[in-house]
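**Student:** give the three-dimensional model of this entry:
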Amino acid sequence: CPGGGGVGSFRFAETLRAGAIPVVTSDFVPPFHPEIDWTDCIVRVSEARVVAIPDIVGNISQDEIHKRQNTCKLLYETVFGDSDNRDFALLSVALRIW
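**Tutor:** Numbers count the residues shown, from 1 in each chain. Sure thing, here's the model as predicted:
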């Protein structure tokens, strides 16, 4: 996920909303952690391995990609509500503040 307003970036929610798998650095703290376990959704990469992201992502099986996408979608819908634009706008504001 690209940065955008700090560690609690609204970019994280945008990524989930788009049906993508967030690839984050090891120091990223996702929203509502540790109450919500994001392990099966996000892909963590140490800052030392950022240049290897294409290889890391390329080595993820299609089954694992689908599993993570489904988990991300479920977490987005459960945590942040449905994909209604109003809800997303409110979430974006909340994450900018967080």
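**Student:** quick one, strands of this protein?
**Tutor:** 23-25, 43-45 (DSSP state E).
**Student:** the top helix by length along the chain - what's its average pLDDT?
**Tutor:** Determined from DSSP state H, the single longest helix within the chain is helix 62-80. Across helix 62-80, pLDDT averages out at 89.
**Student:** helices or strands up against that helix?
**Tutor:** helix 10-17, helix 85-97 (3 or more Cβ pairs under 8 Å, 6 or more residues apart in numbering; DSSP states H and E). The way it works is simple: take the backbone N, C-alpha and C, and place the C-beta from them, glycine included.
**Student:** where among those is average confidence lowest?
**Tutor:** Mean pLDDT values for the helices and strands packed on helix 62-80 show the minimum at helix 85-97, a mean of 55.
**Student:** reformat the strands of the chain as a markdown table; add mean pLDDT.
**Tutor:** Below are those laid out as a markdown table (pLDDT from 0 to 100):
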| stretch | mean pLDDT |
| --- | --- |
| strand 23-25 | 91 |
| strand 43-45 | 94 |
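**Student:** dihedrals phi and psi, the closest residue in space to Arg44 that isn't next to it in sequence?
**Tutor:** Distance criterion Cβ to Cβ, 6 or more residues apart in numbering; nearest residue to Arg44, sequence neighbours excluded, is Ser26 at 5.3 Å. Per-residue torsions, Ser26: phi -60, psi -30 (degrees, to the nearest 10).
**Student:** measure Ser26 to Thr71 for me?
**Tutor:** Counting by Cβ to Cβ, to the nearest Å, the gap from Ser26 to Thr71 is 19 Å.
**Student:** which one's more surrounded, these two?
**Tutor:** The neighbour comparison of Ser26 against Thr71 (other Cβ atoms under 10 Å) goes to Thr71, with 18 against 10.
**Student:** show me the contacts for the spatially most central residue of the chain.
**Tutor:** With distances taken as Cα atoms, centre = their mean, Pro22 lies nearest the centre of the chain, 3.8 Å away. Residues in contact with Pro22 (Cβ atoms under 8 Å, 6 or more residues apart in numbering) are Cys1, Phe12, Thr15, Leu16, Pro30, Cys41, Ile42, Val43, Cys72.
**Student:** I am finished for the moment; much appreciated.
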